[in-house]
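**Q** compute the structure for the input listed below.
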Amino acid sequence: MITSKDKEKLFLFTVISEEYAKLGLAWGLQVKEVTGIKPHFVCSDEESFRYLKSHRFPCTKYAFVEANFAPEEKNYGEIHFPTEKAVFTISLKLEVASEYLKSGYTILYSDVDAIWLKNPLADLKSIDADFLFQPGSFPDDAKKLWGFSACTGFFLMRPSPQAAAFADTVRSSFDGDDQRTLNQVLLNNYHIDWSERPEAWEHCAIKDGWTKPVLGRCERTGLTLAALGHSFYQRHGTKKGFCQHAIVCHPNSPKDQDGKFETLQGLGINLGPISVSQSVEPVREPEDDGTHIEVGRFLNWFGRFWKSDQK
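**A** Next comes the predicted model:
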């Protein structure tokens, strides 16, 4: 039987700025190596756009302009990101996801420090849910209620009406931290019945580990969810030996790019010849192939909306 998942149009993307461009390139090459797919980079500055475009990755530029983005004017609470530009960059996650869901795409988002050691696509395709995500432990209120939270560093959404409504609510509720926002929307707007509550799962071993997805459903809205097995979609307690069975390894690491490279290298994850000492300079100026022009049009609209919202 052919199911809706067999007909998925996939949009695989990340958001990026110059500060993480070298890690982004290494991540993009790794994703292409294990899947054969070039991920799309939504770039918040000219430098990352030119650098990644020169390496023949599909890119869309939406440059951060400090005068047009003022988090304090939005009355954000505690912000866990170092600069306003970083807050702007992560705000694009659900903007792009929401727009693509409305266009009928399955969206797959990954942070650039969530390293794809194996191809996750067949595993994700086998799980029947609207919203699939790597489990995390922040914010605390979600962790206390469910035993885990939804990590926005690696997630998939399928184009159902309930998923589109969810993504749009998260987008419009953005409070300066994408993961906090998404979990608060789930806590405040959805009553989710989970198939089980994992205990003592914050390690990556197979033995006594979290190896199967935990499924959830909101009866009122029909939204279905799946928290992926943490032993394979690793976030906490990652050790070098555990990376051998990881599908995606997304270790806790410092916020700066060099610290992330060091953390990954300490786990034995070899990202090839890219050096943290290299400058972010384009290798050549490629021709504009018009890839994913619809993203550019959407982000141009978003720029106009954002500017008017700040007046």
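**Q** what ranges does the stretch 51-200 of the chain have for its strands?
**A** For the stretch 51-200 of the chain, the strands defined by DSSP state E, counting those that start in this stretch cover 59-61, 106-110, 115-116, 131-136, 149-157, 192-194.
**Q** counting by contacts, list what the fifth one packs against.
**A** Think strand 149-157. helix 84-102, strand 106-110, strand 131-136, helix 140-146, helix 161-172, helix 178-189 (3 or more C-beta pairs under 8 Å, 6 or more residues apart in numbering; DSSP states H and E). In this view, the C-beta of every residue, glycine as well, is placed from N, C-alpha and C.
**Q** re the thing from before, do you know which of the strands of the stretch 51-200 of the chain lies nearest Phe41?
**A** With C-beta to C-beta as the measure, strand 59-61 is the member of the strands of the stretch 51-200 of the chain nearest Phe41 (4.6 Å).
**Q** circling back: save the strands of the stretch 51-200 of the chain as TSV, and put in mean neighbour count, distance to Leu23 and mean pLDDT too.
**A** Shown next, in TSV, are those (neighbours: other C-beta atoms under 10 Å; distance: least, C-beta to C-beta, whole Å; pLDDT from 0 to 100):
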stretch	mean neighbour count	distance to Leu23	mean pLDDT
strand 59-61	22	15	96
strand 106-110	23	12	98
strand 115-116	24	10	98
strand 131-136	25	18	98
strand 149-157	24	13	98
strand 192-194	14	33	98
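**Q** pipe the helices and strands packed on strand 149-157 into a markdown table and attach distance to Glu33 per row.
**A** Shown next, in a markdown table, are these (distance: least, C-beta to C-beta, whole Å):
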| stretch | distance to Glu33 |
| --- | --- |
| helix 84-102 | 24 |
| strand 106-110 | 14 |
| strand 131-136 | 20 |
| helix 140-146 | 34 |
| helix 161-172 | 29 |
| helix 178-189 | 27 |
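**Q** nearest to Val31, out of those?
**A** Of all the helices and strands packed on strand 149-157, strand 106-110 comes closest under C-beta to C-beta, at 7.4 Å.
**Q** just tell me which of the strands of the stretch 51-200 of the chain ends up closest to His236.
**A** Comparing the strands of the stretch 51-200 of the chain against His236 with C-beta to C-beta, the closest turns out to be strand 131-136 (7.7 Å).
**Q** what's the angle between that closest one and strand 106-110?
**A** Following axes from the mean of the first three to the mean of the last three C-alpha atoms, to 10 degrees, one obtains 20 degrees for the angle between strand 131-136 and strand 106-110.
**Q** before we move on, the earlier item: I'd like the strands of the stretch 51-200 of the chain laid out as CSV, including distance to Gln244.
**A** Converted to CSV, the strands of the stretch 51-200 of the chain look like this (distance: least, C-beta to C-beta, whole Å):
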stretch, distance to Gln244
strand 59-61, 33
strand 106-110, 20
strand 115-116, 13
strand 131-136, 18
strand 149-157, 19
strand 192-194, 29
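**Q** out of those strands, the one nearest Pro39 is which?
**A** Pro39 lies closest to strand 106-110 among the strands of the stretch 51-200 of the chain, at 7.4 Å (C-beta to C-beta).
**Q** can you give me the buried ones in stretch 157-173?
**A** By 16 or more other C-beta atoms under 10 Å, the buried positions in stretch 157-173 come out as 157-160, 162-171.
**Q** which other residues reach that stretch?
**A** Here stretch 157-173 makes contact (C-beta atoms under 8 Å, 6 or more residues apart in numbering) with 4-5, 8, 94-95, 97-98, 101-107, 129-132, 178, 181-182, 184-185, 189-190, 221-224.
**Q** now, of the residues you listed, which are buried?
**A** Buried members of these, scored by 16+ other C-beta under 10 Å, are 8, 94-95, 97-98, 101, 105-107, 129-132, 178, 181-182, 184-185, 189-190, 221, 223-224.
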